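[1] For reference, the sequence and a predicted model appear below.
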Amino acid sequence: MITDRRHVLGLAIGAAVMAGTPLRAASEISVVATTGMIADAARQVGGDLVDVRALMGPGVDPHAYRQTRTDILAATRADVVLWHGLYLEAQMEEFLRKLSDRTRVIAVGEAVPQDRLIGHEDYDGKFDPHVWMVPELWVHVVDAVRDALIDTAPEHEAAFRANAAAHLEEIERLGLYARDVLQTVPETRRVLLTAHDAFGYFGKAYGFEVVGIQGISTESEAGLNRISTLADMLVEREIGAVFVESSVSDRNIRALVEGAAAQGHDVKIGGELFSDAMGEPGRYEGTYIGMIDHNVTTIAAALGGRVPERGMDGKLGLES
């Protein structure tokens, strides 16, 4: 079965290559990125010199996403394909590794030093992929995107380095904002309960206890016993807010709220967080900076911290 699937995959890639490459401006570099976060980094670093296509849009779960025929065509025609790695795009790995025999394919998420990564008992030899949750970790990914673009088009190295330096300054400022705002949350309230375990790096960086109903991958299942146990925890510890995620069903979170209510404890949904995908294109939350600003501001506000009305620069909820 595996051999047959690889044969079909090889044929699909070969057919896409034979289809040819569409005309584009000579100075424009074609970039395909799997996630919105990586696509945003490529746009920030590449500027007007790159044409970036993200395979996964708002609300898409990268753990379960499978490439389409259109994705295969776009990827085979690209000058460079940027994917996250660390088993985030679990269903696409075979395709991406096969594609690397034919074109430049780079797992930019794996640029984060291994000693900064979080392992997980459910995935032996693999690491938590959600490194974008902490700006200080995401800088390694931006560096990797910059280097990938330089390798692809060395004649534009100066522009890529200048753009990357400016973006990294913004990411550094975002990191400082996150630490300042999250420190205003009372220590007893620093419990972040969400749909799946996407906030491990966030918790480690900012001193929050993080609880996910599902594991690191949304492919794992949450049983009734798990939900019942977490509902009891909400009641016993008097936790007042939990959070839904834009790319994960809110069914389990709402079951938790109902379970706590049945025991006489009122739990509110503190807001929707962007976990594995950014917000809508054209909105501030549809950029990496806006995504993290939104998450940090929403979490801090819901758990009793002090936050600016519209986030770091007053842009939350606005068009970018």
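    Now that the structure is in, tell me what you want to look at.

[2] remind me which residues of the stretch 1-150 of the chain are low pLDDT?
    Low-confidence segments of the stretch 1-150 of the chain, defined by pLDDT under 70: 1-27, 121-123.

[3] switch to 80 and redo it
    When residues are selected by pLDDT under 80, those of the stretch 1-150 of the chain lie in 1-27, 120-125.

[4] how about the strands in it?
    Using DSSP state E, counting those that start in this stretch, the strands found in the stretch 1-150 of the chain span residues 29-33, 50-54, 80-83, 105-107, 119-120, 123-127.

[5] Mind listing the strands the shortest one pairs with, and their directions?
    It refers to strand 119-120. Strand 119-120 pairs in its sheet with strand 123-127 (antiparallel), by DSSP bridges.

[6] before we move on, what about the first one?
    Here strand 29-33 is paired, per DSSP bridges, with strand 50-54 (parallel), strand 80-83 (parallel).

[7] winner for burial among the ones you listed?
    Highest mean neighbour count among those (mean count of other Cβ atoms under 10 Å): strand 80-83, with a mean of 26. The way it works is simple: take the backbone N, C-alpha and C, and place the C-beta from them, glycine included.

[8] out of the strands of the stretch 1-150 of the chain, nearest to H63?
    Of all the strands of the stretch 1-150 of the chain, strand 123-127 sits nearest to H63, with 11.5 Å by Cβ to Cβ.

[9] picking that back up, got JSON lines for the strands paired with strand 29-33, with distance to Q114 too?
    Listed next are those as JSON lines, based on distance: least, Cβ to Cβ, whole Å:
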{"stretch": "strand 50-54", "distance to Q114": "27"}
{"stretch": "strand 80-83", "distance to Q114": "18"}
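
[10] Of the strands of the stretch 1-150 of the chain, which is nearest D266?
    Among the strands of the stretch 1-150 of the chain, strand 119-120 comes nearest to D266, with 32.6 Å by Cβ to Cβ.

[11] dump the residue contacts of the residue lying closest to Y65 once chain neighbours are set aside.
    Closest residue in space to Y65, ignoring its immediate chain neighbours: M56 at 5.6 Å, by Cβ to Cβ, 6 or more residues apart in numbering. Counting by Cβ atoms under 8 Å, 6 or more residues apart in numbering, M56 makes contact with 34-36, 62, 65, 277.

[12] Around A74, how many other residues sit close by?
    17 (other Cβ atoms under 10 Å).

[13] need the contact list for it.
    By Cβ under 8 Å, 6+ apart, the residues touching A74 are 32, 53, 55.

[14] And the helices in the stretch 101-250 of the chain, which stretches?
    135-152, 157-182, 200-206, 224-236 (DSSP state H, counting those that start in this stretch).

[15] Can you list the low-confidence ranges for the stretch 201-320 of the chain?
    The stretch 201-320 of the chain contains residues with pLDDT under 80 at 214-225, 247-249, 320.

[16] 70 instead, please
    Along the stretch 201-320 of the chain, the model assigns pLDDT under 70 to residues 215-224.

[17] Relative to R190, how far out is the residue nearest to Y65?
    31 Å (Cβ to Cβ, to the nearest Å).

[18] Helices - which of the contacts of M56 land there?
    Members of those lying in helices (criterion: DSSP state H): G36.

[19] could I get the contacts of M56 as TSV with distance to F243 and neighbour count?
    Below are those laid out as TSV (distance: Cβ to Cβ, whole Å; neighbours: other Cβ atoms under 10 Å):
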residue	distance to F243	neighbour count
T34	25	28
T35	20	27
G36	19	27
P62	19	25
Y65	22	21
A277	15	23
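
[20] Widest-spaced pair of the contacts of M56?
    The widest separation within these (Cβ to Cβ) is 11.8 Å, between G36 and Y65.

[21] In space, what's closest to the most centrally placed residue in the chain - neighbours in sequence excluded?
    Nearest to the mean C-alpha position of the chain, counting by Cα atoms, centre = their mean, stands D276 at 3.9 Å. Using Cβ to Cβ, 6+ apart and skipping residues adjacent in sequence, the residue nearest D276 is S247, 4.5 Å away.
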